[in-house]
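Colleague: here are the coordinates; sequence isn't available:
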């Protein structure tokens, strides 16, 4: 075997090692075998001619020079080396079957290694989410209302006009939450519309679900005050506050609404604010409740400040929250006076 052939095969082994198709142990073993064959070939080529070879008659009518008689053994040694290398690579599951294959197509070993242990693919970035919030909102409104008026008739008597809103990105996709204004009279209530969207090719949304009056608002057609909470449950929860004034009494209630993959779901509604100072001459009573002491997925407290301190405890029961029973064993409906 020529010295150039040994160097070429050593280079091929090096390329396979760099590509990850051979471990360090396999590389050292193949390199040692290659060097042993190289030394044996050099020794044979440089040793004196065997007298017996000169006396051996030619076969098949062809004469052979004494130095050319060992080529079958060299070829056999080369095939053995190739076979051993192929077994080592095949044993790694997905590598090339021989050193010669790597020389013919240097990228094969790298491709095989990548197929065996692919890197963790990063999710494709959202084309819309990288846009300014104002542009995201425009695309969301276009998907829900088109280019016409942002108005919906939910029932025969309830027509809402939608204006301000927010686009939130839940784990299952984008959600448009929009404030809806109803008829401005005492019995008319506003609302909060919730619309599920899906991002489409070409930087646009498609609507997948709609609940135009998902959350009840306040009197006089006003939408509720609201915010997104991320501490109540693992998913997104809307905390909304709605109410009004009746003959000098001010009463509000809070509602927690969970955004689930199948749609919005009400978790609990409780009285959160009371003020009778405008209806009585003795100054009345005032209470204002705030959600505190949240234990995700389990419980929370409502702490009332005002005329006296009150704490109402809520625990999760199935898909809803309930207040703990009062002393008489009945579920506590309200911890404060109501209108």
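Modeller: It's in. Since we're looking at a predicted model, the values are computed, not measured.
Colleague: where do the strands of this structure begin and end?
Modeller: Assignment of strands within the chain using DSSP state E yields the ranges 151-153, 159-170, 173-181, 191-200, 204-216, 225-229, 237-246, 249-260, 263-275, 286-295, 299-306, 310-317, 320-323.
Colleague: may I see the buried residues of the third one?
Modeller: Applying a neighbour-count criterion of 16 or more other C-beta atoms under 10 Å, one finds 174, 175, 176, 177, 178, 179, 180, 181 buried in strand 173-181. In this view, the C-beta of every residue, glycine as well, is placed from N, C-alpha and C.
Colleague: and it, what does it pack against?
Modeller: Helices and strands touching strand 173-181, by 3 or more C-beta pairs under 8 Å, 6 or more residues apart in numbering; DSSP states H and E, are helix 133-145, strand 159-170, strand 191-200, strand 204-216.
Colleague: in CSV, list the strands of the chain along with mean pLDDT and distance to residue 127.
Modeller: Below are these laid out as CSV (pLDDT from 0 to 100; distance: least, C-beta to C-beta, whole Å):
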stretch, mean pLDDT, distance to residue 127
strand 151-153, 91, 28
strand 159-170, 96, 13
strand 173-181, 98, 12
strand 191-200, 97, 7
strand 204-216, 97, 9
strand 225-229, 98, 23
strand 237-246, 97, 27
strand 249-260, 98, 23
strand 263-275, 98, 26
strand 286-295, 98, 35
strand 299-306, 97, 37
strand 310-317, 96, 37
strand 320-323, 96, 38
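Colleague: switch those strands over to JSON lines; also include distance to residue 15.
Modeller: Listed next are the strands of the chain as JSON lines, based on distance: least, C-beta to C-beta, whole Å:
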{"stretch": "strand 151-153", "distance to residue 15": "66"}
{"stretch": "strand 159-170", "distance to residue 15": "46"}
{"stretch": "strand 173-181", "distance to residue 15": "46"}
{"stretch": "strand 191-200", "distance to residue 15": "43"}
{"stretch": "strand 204-216", "distance to residue 15": "47"}
{"stretch": "strand 225-229", "distance to residue 15": "55"}
{"stretch": "strand 237-246", "distance to residue 15": "56"}
{"stretch": "strand 249-260", "distance to residue 15": "54"}
{"stretch": "strand 263-275", "distance to residue 15": "57"}
{"stretch": "strand 286-295", "distance to residue 15": "58"}
{"stretch": "strand 299-306", "distance to residue 15": "62"}
{"stretch": "strand 310-317", "distance to residue 15": "60"}
{"stretch": "strand 320-323", "distance to residue 15": "64"}
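Colleague: which of the ones you listed sits closest to residue 132?
Modeller: Nearest to residue 132, of all those, is strand 159-170, at 11.4 Å by C-beta to C-beta.
Colleague: what's next to that closest one, contact-wise?
Modeller: Here strand 159-170 makes contact (C-beta atoms under 8 Å, 6 or more residues apart in numbering) with 129, 133, 136-137, 140-141, 145, 149-154, 174-183, 190-191, 193, 212-213, 228, 235-236, 259.
Colleague: re the thing from before, return the most buried member of the helices and strands packed on strand 173-181.
Modeller: Most buried of the helices and strands packed on strand 173-181 by mean neighbour count (mean count of other C-beta atoms under 10 Å) is strand 191-200; its value is a mean of 22.
Colleague: relative to strand 204-216, how tilted is that strand?
Modeller: 160 degrees (axes from the mean of the first three to the mean of the last three C-alpha atoms, to 10 degrees).
Colleague: give me the sheet partners of strand 191-200 and which way each runs.
Modeller: Strand 191-200 has these partner strands in its sheet, going by DSSP bridges: strand 173-181 (antiparallel), strand 204-216 (antiparallel).
Colleague: any chance of CSV for those, columns distance to residue 304?
Modeller: Below are those laid out as CSV (distance: least, C-beta to C-beta, whole Å):
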stretch, distance to residue 304
strand 173-181, 27
strand 204-216, 22
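Colleague: which one of the ones you listed lies closest to residue 296?
Modeller: Each of the strands paired with strand 191-200 has some distance to residue 296 by C-beta to C-beta; the shortest is strand 173-181, at 20.2 Å.
Colleague: the closest one versus strand 159-170: what angle between them?
Modeller: If you take the same axes, to 10 degrees, strand 173-181 sits at 150 degrees to strand 159-170.
Colleague: closest one to residue 320 among the strands paired with strand 191-200?
Modeller: Smallest distance to residue 320 across the strands paired with strand 191-200 (C-beta to C-beta): 15.5 Å, for strand 204-216.
Colleague: about what we covered before: so can I have TSV of the helices and strands packed on strand 173-181 showing distance to residue 241?
Modeller: Listed next are these as TSV, based on distance: least, C-beta to C-beta, whole Å:
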stretch	distance to residue 241
helix 133-145	23
strand 159-170	16
strand 191-200	11
strand 204-216	10
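Colleague: closest one to residue 311 among those?
Modeller: With C-beta to C-beta as the measure, strand 204-216 is the member of the helices and strands packed on strand 173-181 nearest residue 311 (25.6 Å).
Colleague: can you give me the angle that closest one makes with helix 133-145?
Modeller: 80 degrees.
Colleague: angle of strand 204-216 against strand 225-229?
Modeller: If you take the same axes, to 10 degrees, strand 204-216 sits at 120 degrees to strand 225-229.
Colleague: residue 293 touches residue 301, doesn't it?
Modeller: Yes. Applying C-beta atoms under 8 Å, one finds residue 293 in contact with residue 301, separated by 4.2 Å.
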